[in-house]
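*Asks:* Sequence isn't available, so here's the structure alone:
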C-alpha cells in the first residue's frame, strides 16, 4: 500500500486502471519517497509491442478514473518487469532502489 498525504492507495486499483489503456501490457505500482506527501505513487509500465505512450498520455487517461492522489506521479517505461521464480512481479525489488538513500522506507 502507498500512503500519500495520509490517504491509502492500493497498487492493484491503480494497476487495474493502467491495464484499461490499450498500449499497456504490464504494470507495477509502488511507493516512492515524496518530501511533501511522504510517499508518492509510481509505476513501471511495459508497453505492448509496436505501441507507444508517454507520461502525459497515461496521466490524461488516468485523470477521469482515479482521484488526484492515486494517479502515478512518476511513470517509467521499461522493457520488462522483474519477476520472482513463481512468475509474480517482484514489487519490493522494483521499489527498493528508489529508497536506497533513505534510512527507512517511510518518509
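*Replies:* On my side now, so go ahead. Not measured: the values here are computed from a predicted model. Residues are numbered from 1 along each chain as shown.

*Asks:* Give me the nearest residue to the residue most central in space within the chain, chain neighbours excluded.
*Replies:* Against the mean C-alpha coordinate of the chain, by CA atoms, centre = their mean, the closest residue is residue 43 at 2.0 Å. Nearest residue to residue 43, sequence neighbours excluded (CB to CB, 6 or more residues apart in numbering): residue 72, at 4.2 Å. For glycine as for every other residue, the C-beta is placed from the backbone atoms N, C-alpha and C.

*Asks:* Please enumerate the strands of the protein.
*Replies:* Listed in chain order, the strands of the chain (DSSP state E) span 2-4, 7-9, 24-34, 38-47, 74-77.

*Asks:* so where's this protein uncertain?
*Replies:* 104-107 (pLDDT under 70).

*Asks:* Now do the helices in the chain.
*Replies:* In the chain, the segments counted as helices under DSSP state H are 11-20, 55-62, 91-95.

*Asks:* Mind putting those into CSV with mean neighbour count and distance to residue 2?
*Replies:* Below are those laid out as CSV (neighbours: other CB atoms under 10 Å; distance: least, CB to CB, whole Å):
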stretch, mean neighbour count, distance to residue 2
helix 11-20, 16, 7
helix 55-62, 16, 14
helix 91-95, 16, 10
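
*Asks:* can you redo those as JSON lines with distance to residue 39?
*Replies:* JSON lines is the format used below for the helices of the chain (distance: least, CB to CB, whole Å):
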{"stretch": "helix 11-20", "distance to residue 39": "11"}
{"stretch": "helix 55-62", "distance to residue 39": "18"}
{"stretch": "helix 91-95", "distance to residue 39": "10"}
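
*Asks:* Quick one: closest of these to residue 5.
*Replies:* helix 11-20 (15.2 Å; CB to CB).

*Asks:* so what does that closest one touch, helix or strand wise?
*Replies:* strand 24-34, strand 38-47, helix 55-62 (3 or more CB pairs under 8 Å, 6 or more residues apart in numbering; DSSP states H and E).

*Asks:* Just list whatever residues bridge to the spatially closest residue to residue 6 that is not a sequence neighbour.
*Replies:* Counting by CB to CB, 6+ apart, residue 38 is the residue found nearest to residue 6 once chain neighbours are left out, at 7.8 Å. Beta-bridge partners for residue 38, by DSSP bridges, are residue 34.
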